[in-house]
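[1] could you look at this predicted model? Sequence included:
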Amino acid sequence: MLVKVFGSAVFGVEATTITVEVNIDKGIGYHLVGLPDNAIKESSYRIAAALKNNGYSLPGKKITINMAPADLRKEGSAYDLTLAVGILVASGQIKSEETDRYIIMGELSLDGGLQPIKGALPIAIKAKEEGFKGFFLPKQNAKEAAIVSDLDVYGIENVQEIIDFFEGNGTLEPTIFNTREAFNRALHFPEFDFSDVKGQESIKRCMEIAAAGGHNIILIGPPGSGKTMLAKRLPSILPPMTIREALETTKIHSVAGKLKETGLMHQRPFRSPHHTISNVALVGGGSYPQPGEISMAHNGVLFLDELPEFKRDVLEVMRQPLEDREVTISRAKFTITYPSSFMLVASMNPSPGGYFNDPDAPVSSSPNEMQRYLSKISGPLLDRIDIHIEVTPVPFEKLSDERRSENSHDIRERVTRAREIQSLRFAENQTVNYNAQMNTKQIREYCKLDEQSLQLLKKAMERLNLSARAYDRILKVSRTIADLDSSENVLSNHIAEAIQYRSLDRESWLG
């Protein structure tokens, strides 16, 4: 008897429906074809044990299973349940004509229990697009799949539950997940708040500007000055994610298997990889490509602490994703694209010893040592970082002050208003959402300067020895400052503030 059941394969962040054809005929043998990997080839042992321990059996006949399309490589153990149901229907142990209306995925334990799978959300989205009635998967993944409306999502714990469902004996209910309610409930409870930070008012202002315009930022300061503390609080002042952004972000984390029963992601991601990370782990890839840290930070923040300690080749592979906001991984037989629109926040000491031009410092470094240390970061990478700011240690008077600083909620309201202005400005452009993404043509259009501002910028570039690459960055940042002030035009005071945020472009910075 020949039957068809359906599973799904995930490539990048998109799913492809897999048709599993099971044919049982006279003879002996178990033949699995259609480019399965070793994990799928081993499934026969798990399926046999799981069925036997639940009162069913693997028929002692010739079983031929084809996974179509046959030229597409299938990976992982998530097809166990698909194959098991196909075998049970083909052998007459399940009598149902409904099995081909559902996507069925799950890894079987030997007792028939189910282990979680990766990519449940993109699979559910594809199932809805192709008109399937429902989706059977492990209970641990049910919430993320239930985000998709108009699709019956059944989270099950044991193979017996799906057998009972198709036999008409079970009372299995679809999982309900109220996306909007869960999304709104989690908006105003950031784990870290700017009110915890003592002093550093100028740096907080700088972080607010970076958040408002989506600008990449680098913090330069000695140990203990608060660089990491400030960076960790940046997501709390970013505008709340839209439903579309939340779905995009959830889909990537679903593919990577990092959701852990949370359903829809509510908070913007904050990723902070160690400086020993490899370039594949950072941008994604591998023999079976997976999203890297820059994709896991999509719509959020990627924090690189002690930037010069990262290997130079690791930093260089970020240059293209920073510009294009996506990363493309090419192999001989396929190409995968992962989105990677993130804010880069980096921190570094100004010298190997950690202190800069401080005669009382416990460790001092010569100008040559400092130059060698800073040269680990290439010019093209710095060219993609809009804001450079020096962070100084907080004096005792500020640390001991009992008054609470401005909280993240109030800062975020100003940031959100500035982002709304930018959304209206770029409403007709699908590739630009905020000021940091502007190209040269848009900078010329939206950052027009009056004569006073133009002369100020010219004088600053000459006196402070600012490099030519700083010109566009200053204009972008000044446009964001103007948006925070609700100013239609970029004024001289906006230019003056933006000029302060290009420390590493000054030729005299090393003293």
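    It's in. Residues are numbered from 1 along each chain as shown.

[2] so where is the stretch 151-300 of the chain shaky, pLDDT-wise?
    179-190, 260-261 (pLDDT under 70).

[3] in it, which spans are helices?
    Counting by DSSP state H, counting those that start in this stretch, the stretch 151-300 of the chain forms helices over residues 159-167, 179-185, 201-213, 227-232, 243-255, 279-283, 293-296, given from the N-terminal end onward.

[4] which of those helices is buried the deepest?
    Counting by mean count of other C-beta atoms under 10 Å, helix 293-296 has the highest mean neighbour count of those, with a mean of 25. (C-beta placed from N, C-alpha, C; glycine too.)

[5] for that helix, name the packing helices and strands.
    Applying 3 or more C-beta pairs under 8 Å, 6 or more residues apart in numbering; DSSP states H and E, one finds that helix 293-296 contacts helix 243-255, helix 279-283.

[6] go through those helices and name the closest to residue 444.
    helix 243-255 (28.8 Å; C-beta to C-beta).

[7] pull the distance from the closest one to the chain's centre.
    8 Å (C-alpha atoms, centre = their mean, to the nearest Å).

[8] show me what that helix packs onto, helices and strands only.
    Packing partners of helix 243-255 (3+ C-beta pairs under 8 Å, 6+ apart): helix 120-129, helix 179-185, strand 290-291, helix 293-296, strand 335-339.

[9] can you add distance to residue 441 and give the helices and strands packed on helix 293-296 back as TSV?
    Conversion of the helices and strands packed on helix 293-296 to TSV gives the following (distance: least, C-beta to C-beta, whole Å):
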stretch	distance to residue 441
helix 243-255	26
helix 279-283	28
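
[10] out of those helices, which comes closest to residue 449?
    Residue 449 lies closest, by C-beta to C-beta, to one member of the helices and strands packed on helix 293-296: helix 243-255, at 32.7 Å.

[11] what lies in contact with the closest one?
    Contacts made with helix 243-255 from outside it, assessed by C-beta atoms under 8 Å, 6 or more residues apart in numbering, are listed as 10, 12-13, 118-122, 125, 144, 147, 179-180, 183, 241, 259, 263-266, 268-269, 290-291, 295-296, 298-300, 338-339.

[12] with stretch 396-414 instead?
    With contact meaning C-beta under 8 Å, 6+ apart, stretch 396-414 is reached by 188, 190, 192-199, 201, 204, 208, 211-212, 233, 236-240, 484.

[13] quick check: phi and psi at residue 410.
    Its backbone dihedrals place residue 410 at phi -70, psi -40, with angles given as degrees, to the nearest 10.

[14] er, residue 348 I mean
    When read as degrees, to the nearest 10, the backbone of residue 348 gives phi -160, psi 150.

[15] and for residue 91?
    Dihedral pair for residue 91: phi -90, psi 0, per degrees, to the nearest 10.

[16] for residue 70, grab the count of nearby residues.
    11 (other C-beta atoms under 10 Å).

[17] from residue 376, how far off is it?
    As for residue 70, its distance to residue 376 is 49 Å (criterion: C-beta to C-beta, to the nearest Å).

[18] do the same with residue 277
    Here residue 277 is placed at a distance of 15 Å from residue 376 (C-beta to C-beta).

[19] before we move on, back to that, filter the contacts of helix 243-255 to the buried ones?
    Neighbour counting by 16 or more other C-beta atoms under 10 Å classes 10, 12-13, 118-122, 125, 144, 147, 179, 183, 241, 259, 263-266, 268-269, 290-291, 295-296, 298-300, 338-339 among the contacts of helix 243-255 as buried.

[20] model confidence at the nearest residue to residue 14 once chain neighbours are set aside, what's the number?
    Distance criterion C-beta to C-beta, 6 or more residues apart in numbering; nearest residue to residue 14, sequence neighbours excluded, is residue 122 at 5.9 Å. With respect to pLDDT, residue 122 has a value of 95.

[21] tell me the contacts of residue 122?
    Shown in contact with residue 122 (C-beta under 8 Å, 6+ apart): 10, 13-15, 251, 254-255.

[22] could you point out the longest strand of this structure?
    In the chain, taking DSSP state E as the definition, the longest strand is strand 14-25.

[23] mind giving me the packing neighbours of the very next helix or strand once past that strand?
    Counting by DSSP states H and E, the element after strand 14-25 in chain order, helix or strand, is strand 29-33. With contacts defined as 3+ C-beta pairs under 8 Å, 6+ apart, the packing partners of strand 29-33 are helix 43-52, strand 62-68.

[24] indicate which one of these is closest to residue 394.
    Closest approach to residue 394 among the helices and strands packed on strand 29-33 (C-beta to C-beta): helix 43-52, 57.7 Å.

[25] hmm, who's touching the closest one?
    Contacts with helix 43-52, where a contact means C-beta under 8 Å, 6+ apart, come from 30, 32, 57-58, 77, 79-80, 83-84, 87-88, 107-112, 159.

[26] by how many degrees do it and helix 159-167 diverge?
    Helix 43-52 runs at 70 degrees relative to helix 159-167, counting by axes from the mean of the first three to the mean of the last three C-alpha atoms, to 10 degrees.

[27] could you tell me the end-to-end distance of stretch 143-158?
    End-to-end distance of stretch 143-158: 17 Å, with C-alpha to C-alpha, to the nearest Å as the criterion.

[28] go through that stretch and flag the buried ones.
    Along stretch 143-158, these residues count as buried under the neighbour rule (16+ other C-beta under 10 Å): 143-148, 151-156, 158.

[29] I'd like those residues as TSV, with distance to residue 395 appended.
    Shown next, in TSV, are these (distance: C-beta to C-beta, whole Å):
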residue	distance to residue 395
143	48
144	48
145	53
146	52
147	49
148	53
151	58
152	61
153	56
154	60
155	55
156	60
158	62
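
[30] re earlier: turn the helices and strands packed on strand 29-33 into TSV, columns for mean neighbour count.
    What follows is the helices and strands packed on strand 29-33, written out as TSV (neighbours: other C-beta atoms under 10 Å):
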stretch	mean neighbour count
helix 43-52	19
strand 62-68	19
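
[31] out of the ones you listed, nearest to residue 479?
    Using C-beta to C-beta as the criterion, the shortest distance between residue 479 and these is 52.8 Å, found for strand 62-68.

[32] what helices and strands are in contact with that closest one?
    Using 3+ C-beta pairs under 8 Å, 6+ apart as the test, strand 62-68 ends up in contact with strand 14-25, strand 29-33, helix 80-90.

[33] most tightly packed of the ones you listed?
    helix 80-90 (a mean of 27).

[34] just want the angle from it to strand 29-33.
    Going by the same axes, to 10 degrees, helix 80-90 makes 130 degrees with strand 29-33.

[35] helix 80-90 to strand 62-68, inter-axis angle?
    Between the direction of helix 80-90 and that of strand 62-68, the angle (the same axes, to 10 degrees) works out to 130 degrees.

[36] what does the helix or strand that helix 80-90 is followed by contact?
    Past helix 80-90, heading to the C-terminal end, the next element that is a helix or strand (DSSP H and E) is strand 102-104. By C-beta under 8 Å, 6+ apart, the residues outside strand 102-104 that reach it are 5-8, 17, 81-82, 85, 123-124, 127, 132-137, 162.

[37] so how far is the helix or strand just after strand 102-104 from its chain's centroid?
    Proceeding C-terminally, strand 102-104 gives way to strand 107-108 as the next helix or strand, assigned by DSSP H and E. Centroid displacement of strand 107-108 relative to its chain, using C-alpha atoms, centre = their mean, is 27 Å.

[38] so which other helices or strands are in contact with the helix or strand following strand 107-108?
    On the C-terminal side of strand 107-108, the closest following helix or strand by DSSP H and E is strand 114-115. Packed against strand 114-115, as judged by 3+ C-beta pairs under 8 Å, 6+ apart, are the following elements: strand 107-108, strand 134-138.

[39] can you list the strands that strand 114-115 pairs with?
    The strands that strand 114-115 pairs with in its sheet are strand 107-108 (antiparallel) (by DSSP bridges).
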